[in-house]
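Student: Have a look; sequence and predicted model below, questions after that.
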Amino acid sequence: MKAILFDRFGGTEVLHQADIEVPQPGPGQVRVRIKAAGVNALDGKIRSGALQALFPTPLPAIPGREVAGVVDALGEGVKDVNVGDEVLGWSDTGSYAQYALATTLAPKPAGLDWQHAVALPVAGETAERTLNLLGVAAGETVLIHGAAGAVGTLAVQLATARGARVIGTAGTANQEYLASLGATATLYGEGLVERVLALAPDGVDAVLDVAGKGALEDSITLRGGTERIVTLADFRAHQLGITFSNTQERSAARLAALADDAGTGKVVTVVTAYPLAQAATAQQVSDTGHVRGKLVLTLD
């Protein structure tokens with residue numbers, strides 16, 4: 001099968017396409033013929049070698065953690081999944097490839113296409129987990145830094161669905177986009193505290209930092225302390241006494257519910273697609289940190 005590999009750490013130039021053996025499912029696993037694979041900021045950080053201490057990666061490696069595709073083979077003991085089922089979920093073996101093995105999958109609704117389906121597993125789990133960690137509830141105001149990306153797009157919608165008000169930061173080009181999702185949009189950068197207080201004079205109840213671009217000090221000022229601030233991307237968190245969340249709580253049931261909402265239009269995703277052969281280009285875009293919605297790779 002065709003797969004994108006890296007056999008040394010570095011920039012996107014280390015990514016290359018290769019022909020490798022199709023993986024065989026073990027007990028509890030299924031094999032998925034991939035139609036779309038998700039691209040995440042974490043993929044580039046792992047590829048660079050910057051996260052070897054947190055995510056040890058044997059080489060050569062296939063990047064990627066999420067898939068949408070058709071079940072192709074079943075491992076021993078697999079139940080409730082059949083060959084030919086259309087699914088989305090998390091890959092056990094890397095997802096920038098024609099086939100991957102997986103253990104946690106949800107059915108793909110008929111009304112949801114492959115590209116939008118693969119936008120859900122990682123971003124949806126991350127958004128829901130961090131909103132739960134923050135305890136976001138109806139009537140509260142939550143500030144989301146980097147709200148226009150894949151996680152932010154879903155976090156805005158899930159928070160507003162809880163009855164919370166969302167103030168989301170993004171660049172100039174994404175202000176209208178955030179408003180369309182239900183957020184009150186504002187620019188990031190210098191003067192952020194003053195802009196947020198003009199929108200929420202009583203301050204904010206919780207802060208979710210998806211961007212990791214130096215907004216933690218402003219967040220502490222707006223919260224009057226470090227409580228109810230969570231970052232996904234700023235590694236200075238522990239120095240400042242702020243929660244850094246990098247765990248995963250993969251749930252097929254919760255993913256299925258989110259996919260159903262996406263299939264009916266209750267939850268909106270926005271994607272930019274590249275063919276598998278252009279994985280390096282997709283990661284270059286991802287590495288900039290200025291992405292609207294989700295980057296995905298498509299396969300025939």
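Tutor: Okay, I see it.
Student: So for the most centrally placed residue in the chain, what pLDDT did the model give?
Tutor: The centroid of the chain falls nearest to Ala123 when counting by Cα atoms, centre = their mean (3.0 Å). According to the prediction, Ala123 has pLDDT 96.
Student: same thing with the one 4 residues further on?
Tutor: Reported pLDDT at Ala127 in the predicted model: 97.
Student: Contacts only, for it.
Tutor: By Cβ atoms under 8 Å, 6 or more residues apart in numbering, the contact list for Ala127 reads 151-152, 154-155, 158. C-beta coordinates here come from the backbone N, C-alpha and C atoms, glycine included.
Student: ok, back up a step: doesn't the residue nearest to the centre of the chain lie inside a helix?
Tutor: Yes: membership of Ala123 in a helix is supported by DSSP: H, G, I helix; E, B strand; the rest coil.
Student: re the thing from before, buried among the contacts of Ala127? Make that a ChimeraX selection.
Tutor: Buried residues within those, by 16 or more other Cβ atoms under 10 Å, are selected in ChimeraX with:
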select :151,152,154,155,158
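Student: Going along the chain, name the strands of the protein.
Tutor: Counting by DSSP state E, the chain has these strands, from start to end: 2-5, 16-19, 30-39, 66-74, 86-91, 99-107, 141-145, 165-170, 184-187, 206-209, 229-231, 243-244, 271-275, 294-298.
Student: Show me what the second one is packed against.
Tutor: Here strand 16-19 touches strand 2-5, going by 3 or more Cβ pairs under 8 Å, 6 or more residues apart in numbering; DSSP states H and E.
Student: Helices - which of the contacts of Ala127 land there?
Tutor: Judged by DSSP state H, helices contain the following of the contacts of Ala127: 151-152, 154-155, 158.
Student: so can I have TSV of those showing distance to Leu51 and pLDDT?
Tutor: Listed next are the ones in helices among the contacts of Ala127 as TSV, based on distance: Cβ to Cβ, whole Å; pLDDT from 0 to 100:
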residue	distance to Leu51	pLDDT
Val151	17	96
Gly152	21	96
Leu154	23	98
Ala155	22	98
Leu158	26	98
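Student: that older thread, could you dump the strands of the chain to CSV with mean neighbour count and distance to Leu216?
Tutor: Listed next are the strands of the chain as CSV, based on neighbours: other Cβ atoms under 10 Å; distance: least, Cβ to Cβ, whole Å:
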stretch, mean neighbour count, distance to Leu216
strand 2-5, 21, 34
strand 16-19, 12, 37
strand 30-39, 26, 26
strand 66-74, 23, 28
strand 86-91, 26, 29
strand 99-107, 22, 32
strand 141-145, 27, 9
strand 165-170, 26, 13
strand 184-187, 18, 17
strand 206-209, 28, 6
strand 229-231, 23, 6
strand 243-244, 16, 10
strand 271-275, 16, 28
strand 294-298, 25, 25
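Student: Much appreciated, bye for now.
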